[in-house]
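> next comes the sequence, and after it the predicted model I'd like to discuss.
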Amino acid sequence: MLIGRDLHWRFGGRRLLDGVSLTLRPGELHAVLGVNGAGKSTLLKLLAGDLHPSEGEVLLNQRPMRAWSLRQRARLRAVLPQGDNLRFAFSAREVVALGRQAAVSGSPAEEAALIDAALADADVLPLAERSYLQLSGGERQRVQLARVLAQLSQPPAREPVPGYLLLDEPTAALDLAHQHACMALLRRKLADGLGVLAVLHDINLAGRYADTVSLLHQGRMLAQGTPSEVLRPELLGRAYGSNLRFLPVGDPQRPHFDIAVADPD
């Protein structure tokens, strides 16, 4: 498991995260929701080991995150950050192959097959030989998703090792069809023993695809549990502001909302 216990993070004299705990289990998709500045990306970076908490601890498979070397971490968890800073004219295939640098464990043919499988999963195999810099924003996002999938892939003959995908707004640059394709792909990957944490802005994607949800507000955990426990109009109103109205529709176990701007007084 990947566990964050009582995590605090301070920067520039400000407390950006205040006593947040979260457990990510293999075979689980956990969505993290909240407004901009709620602490979602900070929480992801702490869980990834890219930041060290001011207080609290992060455990990766029962060992403190700091006890794992960078190479060991790269074999157990993969991170898809916000934004895209790659400015080299690599092909899409070469970008995905970068995900295998710390994880090479098979023959050249096996490694090539893992890269092709990740490209196919993310629906970018036809773009494999294209320059990354010539791709659209959504295509680049899918190539980066393929990269982190490849990072945690293993040759078929190897014994599976639980791994964790930490994704910061993986659907942000995607069109509607690819948003759902991305989330459906992440759910399929749970069968491989992966645990998936996704920072999302779309509460309806979280309601449809997540097993568990964390709702952050001003650096604190407002609610945590199943979608039906967390995605409730009163909690969402506290998190997102009283100027929005959340109108439930459909299955209460898989909450879905029509969202409207409240009428001014």
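Sure thing, it's come through.

> residues in contact with the residue nearest the centre of the chain?
The chain has residue 167 as the residue nearest its centroid, 2.2 Å off, counting by C-alpha atoms, centre = their mean. Residues near residue 167 by C-beta atoms under 8 Å, 6 or more residues apart in numbering: 79-80, 145, 148, 186, 196-199. To be clear about C-beta, it is placed using only N, CA and C from the backbone, and glycine gets the same treatment.

> which of the residues you listed fall within strands?
Using DSSP state E, the subset of the contacts of residue 167 located in strands is 79-80, 196-199.

> any idea which element residue 222 lies in?
strand 220-225 (DSSP states H and E).

> buried residues, the helix or strand just after that strand. List them.
Note on strand 220-225: by DSSP H and E, the next helix or strand toward the C-terminus is helix 227-230. Buried residues in helix 227-230, counted by 16 or more other C-beta atoms under 10 Å: 227, 230.

> now the helix or strand just after helix 227-230: average pLDDT?
Proceeding N to C from helix 227-230, the next assigned helix or strand is helix 233-240, under DSSP H and E. The average pLDDT for helix 233-240 rounds to 94.

> buried set for helix 233-240?
In helix 233-240, counting by 16+ other C-beta under 10 Å, buried: 235-236, 239-240.

> so what touches it?
The contact list for helix 233-240, computed with C-beta under 8 Å, 6+ apart, reads 33-35, 38, 203, 215-217, 222-223, 244-248, 257.

> got the angle between the helix or strand following that helix and helix 233-240?
Using DSSP H and E, the helix or strand that follows helix 233-240 in sequence is strand 244-249. Using axes from the mean of the first three to the mean of the last three C-alpha atoms, to 10 degrees, the inter-axis angle of strand 244-249 relative to helix 233-240 is 150 degrees.

> now residue 47: how far from residue 77?
8 Å (C-beta to C-beta, to the nearest Å).

> between these two, which contacts overlap?
Common neighbours of residue 47 and residue 77, using C-beta under 8 Å, 6+ apart, are 2, 166.

> assign the nearest residue to residue 218 once chain neighbours are set aside to helix, strand or coil.
Closest residue in space to residue 218, ignoring its immediate chain neighbours: residue 38 at 6.6 Å, by C-beta to C-beta, 6 or more residues apart in numbering. Here residue 38 is coil, with the state taken from DSSP: H, G, I helix; E, B strand; the rest coil.

> I'd say residue 38 and residue 201 touch.
No: the pair residue 38 / residue 201 is not scored as a contact, 10.7 Å apart, by C-beta atoms under 8 Å.

> low pLDDT regions in this structure?
157-160, 263-265 (pLDDT under 70).

> give me that answer again for 90
11-15, 82-89, 101-108, 110, 154-162, 241-253, 255, 258-265 (pLDDT under 90).

> helices along that one, start to end?
Remark: helices assigned in the chain by DSSP state H are 40-48, 70-76, 92-98, 108-121, 137-151, 176-189, 203-209, 227-230, 233-240.
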